[in-house]
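Enquirer: I would like the atomic coordinates for the input below:
(one chain, ligands or ions: 1)
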Amino acid sequence: MVVQLSDSITASAAGQRMMRLAEDLFPICRSITGDGVRETLRRIGRCIPLETHEIPSGTQVFDWVVPPEWNIRDAYVADPRGHRVIDFRENNLHVVNYSIPIRKQMRIDELLPKLHTLSEHPEWIPYRTSYYAEDWGFCLRHRDLEYLSESHYEVCIDSTLAPGKLTWGEYRLPGESQQEFIFSTHVCHPSLANDNLAGIGVACELARILAAMPRRRFTYRFLFVPGTIGTIAWLATHQDVLSSIYGGLVLALLGHDMPLTYKETLNGQQAVDFCLKQSLCDSGLPHEIMQFEPYGYDERQYNSPGIRLPVGCLMRSRYAGYPEYHTSADNLSRLSPLRLEESLHVCLQAVEVLEQNRVYRNRFPYCEPQLGKRNLYQSLGGRADRQEVQQAMLWLLNLSDGQRSLLEITQRAKLPFASMAAAAALLSEKSVIEECVFP
Ligand code: ZN
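Expert: The predicted structure is shown next:
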């Protein structure tokens, strides 16, 4: 039987849960490795039974090497009276993420090249990283630069960059088929909200709902990975499962007030592309579709030539497509429970389409079968989408050739997927069409 996933949640409760998780995770100083990621995964583990995996620094993963682990306890720039003029404890964005340890007195002219600001947004602290170059620095509000009037400052970054581990989280939900659909989200940003706590929240809630489904056709795998290196490490260590991955979706930037945006897989003609476009269309929400391009989030890795997994990306706005992106202004006030719920809803609809998608064969292909004598018109009686289901039946009869899927037929017919699925259920019940092996 068809499971109506969308009926099984009350959206407002889901929205509140996603907001609470974001609030809980916001203060943690995350990075691509270290205790910030571990603590984040531990807290996600309170919502879903997450498995964490680690691989050591120095491990070769394709063309990359897992970097030393970074941890930080404190960082500041202090004036000669010991007053902290830049303080990591006030906001963890103040320190360039992955800064090497340093403690020394510096002249202001030596210090200035190590300070990053945004002159066009003088109230915002920028987010900067130096993952793969041994460097250090501070980020501050541009308007605070003018207060640095002393000739010398004490600079301290109490961090460690040492052999350790790279950590990711994984939650696999087995289904009837070994074919897997993956949801992937990055977990490496410090105190930024839309990027990446919104993706984490939606992934978590989606996993919780899919786990409660009485029956799953596909196997679902949720990956909570540090951006780029985490995904590369996962792919390098899971080459044996790649052939069973049917498709996937990267979740990012899903909580702010901008139109939903689906970024296609490399060729834009995969099941995930049709699923997402169909669910966005059926949602009635304003949305945009963009073609694949080799920058953005981890869809880059999944779609790379040696991997070529059909993985799209769902966002609200494009990558880096809003002014607050990668600044302290991407804070919890950017997130809205309603927008998170809409994003979740589109993911659930896509899963619903994926789960219900089938390939059928018309058993009566010589002219149209007689529907009236099988009571197929009467059985549409009370349905609000009676017209659509009737049209869907004719499309199904015409195009069910054992090759085309329901989803492809739906796109061709330009009808809602729910009407097509209802028509398929009716025709199948009356043995007018029969299901073929799929996927
Ligand atoms: Zn980012």
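Enquirer: ok, the residue nearest to I182 when sequence neighbours are not counted - how many residues close by?
Expert: Nearest non-adjacent residue to I182, counting by CB to CB, 6 or more residues apart in numbering: G248, 3.7 Å away. Quick note: C-beta positions are derived from backbone N, CA and C, even for glycine. By other CB atoms under 10 Å, the residues close to G248 number 24.
Enquirer: isn't G248 right next to S184, touching?
Expert: Yes. Using CB atoms under 8 Å, G248 makes contact with S184 at a distance of 6.2 Å.
Enquirer: got the contact list for the residue nearest to I182?
Expert: Residues in contact with G248 (CB atoms under 8 Å, 6 or more residues apart in numbering) are F181, I182, F183, S184, V272, Y302, L309, P310, V311, G312.
Enquirer: tell me the residues that contact both of G248 and S184, please.
Expert: Shared contacts of G248 and S184 (CB under 8 Å, 6+ apart): Y302, V311.
Enquirer: where do the helices sit along this structure?
Expert: Using DSSP state H, the helices of the chain run over 11-25, 35-44, 108-111, 142-145, 199-211, 229-237, 271-283, 299-302, 337-356, 386-399, 406-413, 417-429.
Enquirer: so which of these gets nearest F62?
Expert: For the helices of the chain, the distance to F62 is smallest for helix 229-237, at 5.2 Å, taking CB to CB.
Enquirer: tell me the angle of that closest one relative to helix 35-44?
Expert: Inter-element angle recorded for helix 229-237 and helix 35-44: 80 degrees (by axes from the mean of the first three to the mean of the last three CA atoms, to 10 degrees).
Enquirer: just checking, what packs against helix 229-237?
Expert: Counting contacts by 3 or more CB pairs under 8 Å, 6 or more residues apart in numbering; DSSP states H and E, helix 229-237 is packed against strand 60-61, strand 64-65, strand 165-173, strand 180-186, strand 219-225, helix 299-302.
Enquirer: identify the farthest-apart pair in the contacts of G248.
Expert: Largest separation among the contacts of G248 by CB to CB: F183 and P310, giving 13.6 Å.
Enquirer: which of the contacts of G248 has the most neighbours?
Expert: Counting by other CB under 10 Å, top hit in the contacts of G248: V311 with 29 neighbours.
Enquirer: how close does that residue get to L206?
Expert: As defined by CB to CB, to the nearest Å, V311 lies at a distance of 15 Å from L206.
Enquirer: next: E134.
Expert: Taken as CB to CB, the span from E134 to L206 is 38 Å.
Enquirer: same question for Q391.
Expert: 32 Å.
Enquirer: try L192
Expert: Computed as CB to CB, the L192 to L206 distance reads 21 Å.
Enquirer: next: M19.
Expert: Counting by CB to CB, the gap from M19 to L206 is 15 Å.
Enquirer: next one: I245
Expert: Taking CB to CB as the measure, I245 falls 17 Å from L206.
Enquirer: more crowded one of the two?
Expert: Between I245 and L206, L206 has the larger neighbour count (other CB under 10 Å), namely 27 against 19.
Enquirer: leaving out sequence neighbours, find the closest residue to the more buried one.
Expert: Per CB to CB, 6+ apart, closest to L206 is C347, 5.2 Å.
Enquirer: the one you found reaches Y262, doesn't it?
Expert: No. Counting by CB under 8 Å, C347 sits too far from Y262 to count as a contact (10.9 Å).
Enquirer: so who does the spatially most central residue of the chain touch?
Expert: Central residue of the chain (CA atoms, centre = their mean): L251, 1.3 Å from the mean position. Neighbour list for L251: F183, S184, T185, G199, V202, A203, C313, L314, S343, C347 [criterion: CB under 8 Å, 6+ apart].
Enquirer: was I right to think the fifth one contacts M18?
Expert: This points to V202. Yes. Under the criterion of CB under 8 Å, V202 makes contact with M18 at 6.6 Å.
Enquirer: overlap in contacts, those two.
Expert: In contact with both V202 and M18: G255, L340, L344, using CB under 8 Å, 6+ apart.
Enquirer: with pLDDT, distance to E90 and neighbour count added, can I get the residues you listed in CSV?
Expert: Below are the shared contacts of V202 and M18 laid out as CSV (pLDDT from 0 to 100; distance: CB to CB, whole Å; neighbours: other CB atoms under 10 Å):
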residue, pLDDT, distance to E90, neighbour count
G255, 97, 24, 30
L340, 97, 27, 29
L344, 97, 33, 26
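Enquirer: Throw the residues you listed into CSV and include distance to F438, thanks.
Expert: Formatted as CSV, the shared contacts of V202 and M18 follow (distance: CB to CB, whole Å):
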residue, distance to F438
G255, 35
L340, 33
L344, 27
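Enquirer: which one of those residues sits closest to V61?
Expert: V61 lies nearest to G255 out of the shared contacts of V202 and M18, by CB to CB, at 30.3 Å.
Enquirer: how about the contacts made by that closest one?
Expert: 18, 22, 193-194, 197-198, 201-202, 316, 334-336, 339-340, 343.
Enquirer: which one of these is nearest to L93?
Expert: Nearest to L93, judged by CB to CB, of the contacts of G255 is A193 at 11.8 Å.
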